[in-house]
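J.: Quick check, what structure comes out for this input:
(chains A, B and C)
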Amino acid sequence: MCSYRAIYGPGTFNRIVAANVIGTKAIVLLIVVGYIIERPEFIDIALMYAVIAFIGTIIIAKYAERGELCLR
Amino acid sequence: MLAIDLVATMFLAAGAFFMIIGTAGLLRFPDFYTRLHATGKCDTLGQILIIVGCMTYEGLSFITIKLIFVSAFYLLVGPTGTHALMKAAYASGLPVWRKGDKRM
Amino acid sequence: MTAMKKESMAFSIALTFCVMFAFWMLLSAWTVYLLEPYDLLKVSSRGILAALIVSFLTYEIFVPSRGENVLLKIRRLIPYIGWELWQIYLATIDVTKRVLGILPVDPRIIEFDTTLRSDFALVTFANSITLTPGTITIDIEPEKGRYIVHAIAKEPAESLTVDQTMQKKVGHVFMEE
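T.: You can find the predicted model right below:
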């Protein structure tokens, strides 16, 4: 359902929101699938992916605000 | 045995329901700022409910502590990411929707 | 190494190392507690190495000499977190009602001032505004304590500027800095 907004959404920011929501659902899906298959290692993968998705969102937001990543 | 299964299934169903509502808000709301409202709040609570549902299946064990860490991390980090996106959009001049405008 | 006294730098490195190593033990080597001490040292050597590297790179966070009455603030923070979780639940119910069309959508932007000045209090208040029903923080100015907030309808905007329940609660936790 979010890919509709990711493809159609007018402008950059709507697509960033769709990417964030897809990332959040991927974390939850990893945990549930890891529970069904009965391998507890999937929770570590979910934790790593949560950290990486958060940092990616912050970096893209900072870039879209200023036009550059750090003061030069 | 049956009572714990029922409670955990209720938590999982509620979490999935709230996530679906959040994404439906993403499609239905007329403006970028209101869409951020929908996803930023609903996704956080839906995720916490699903993880609490998974936790009640296990009982108190090694896996439960890791699940507590994942949910606490997302509880701190989710609203911060939402706020960062909103600040970037406001500073780069995205127009705000008032009541009665065209849908954008 | 930046400008910090030698004793407080060593103490903060030690404190960071202890916290990081406890965290690693909790996540990885939980069941080794039951074996003999020699096996424990062999398994947790990776944890000691990782915790040492991390604490040498990021020791400036846990400086203990900054801020007074830290224990009192932590003791008052815990009921505030409980109230916060209840507000998250109310916020999601509110968004559900607006998505399904029961309540109207009528967004607006408001600005107001607060009396909070320290970093931690401003950040906690901004996070709380994002988690209460109907409002998200857009921008803050740390000098004057001025918040720019986007509200989704008139009732949450009223509860933030007119009632001021949340400012009183955060001011009570941080003793109105």
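
J.: When you work out contacts or count neighbours from here on, use the C-alpha atoms and nothing else.
T.: Will do.

J.: Can you tell me the SS state at residue C:149?
T.: strand (DSSP: H, G, I helix; E, B strand; the rest coil).

J.: Residue C:130 is in contact with that one, correct?
T.: No - look at residue C:149 against residue C:130 with C-alpha atoms under 8 Å: they stay out of range, at 9.1 Å.

J.: Between those two, which contacts overlap?
T.: The contact sets of residue C:149 and residue C:130 overlap at C:136-137 (C-alpha atoms under 8 Å, 6 or more residues apart in numbering or on different chains).

J.: who's more crowded, the two?
T.: Using other C-alpha atoms under 10 Å in any protein chain shown, the more surrounded residue of residue C:149 and residue C:130 is residue C:130, with 26 against 22.

J.: give me the element the more buried one is part of.
T.: According to DSSP states H and E, residue C:130 maps onto helix C:119-131.

J.: and the helix or strand following that helix, which strands flank it?
T.: Downstream of helix C:119-131, the next assigned helix or strand under DSSP H and E is strand C:135-141. If you go by DSSP bridges, strand C:135-141 pairs up with strand C:146-151 (antiparallel).

J.: What are the contacting residues of the strand it pairs with?
T.: C:107-114, C:134-141, C:157.

J.: try stretch C:77-95
T.: B:18, B:37-38, B:41-42, B:45, C:128, C:131-134, C:169, C:173.

J.: what is the rounded mean pLDDT of that stretch?
T.: Averaged across stretch C:77-95, the pLDDT comes to 83.

J.: Restricting to C-alpha, output that stretch in CSV.
T.: The C-alpha trace of stretch C:77-95 is given here as CSV (Å, rounded to 0.1, in the frame of the first residue of the first chain):
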residue,chain,number,x,y,z
LEU,C,77,11.3,11.0,35.2
ILE,C,78,9.9,7.5,35.5
PRO,C,79,6.2,8.4,36.3
TYR,C,80,6.5,10.9,33.4
ILE,C,81,7.4,8.1,31.1
GLY,C,82,4.3,6.2,32.3
TRP,C,83,2.1,9.2,31.5
GLU,C,84,3.8,9.5,28.1
LEU,C,85,3.0,5.9,27.1
TRP,C,86,-0.7,6.6,27.9
GLN,C,87,-0.5,9.7,25.7
ILE,C,88,0.9,7.6,22.8
TYR,C,89,-2.1,5.3,23.0
LEU,C,90,-4.5,8.3,23.0
ALA,C,91,-2.7,9.8,20.1
THR,C,92,-3.1,6.7,18.0
ILE,C,93,-6.8,6.5,18.8
ASP,C,94,-7.1,10.2,17.7
VAL,C,95,-5.4,9.6,14.4
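
J.: Can you give me the buried ones in that stretch?
T.: Across stretch C:77-95, burial judged by 16 or more other C-alpha atoms under 10 Å in any protein chain shown covers C:84-85, C:87-95.

J.: repeat for stretch B:5-17
T.: Quick answer for stretch B:5-17 (16+ other C-alpha under 10 Å): B:8-9, B:11-16.

J.: and if you look at stretch B:78-88?
T.: Buried residues in stretch B:78-88 (16+ other C-alpha under 10 Å): B:78-88.

J.: same check, this time on stretch A:1-17
T.: A:2, A:5-6, A:9, A:13-17.
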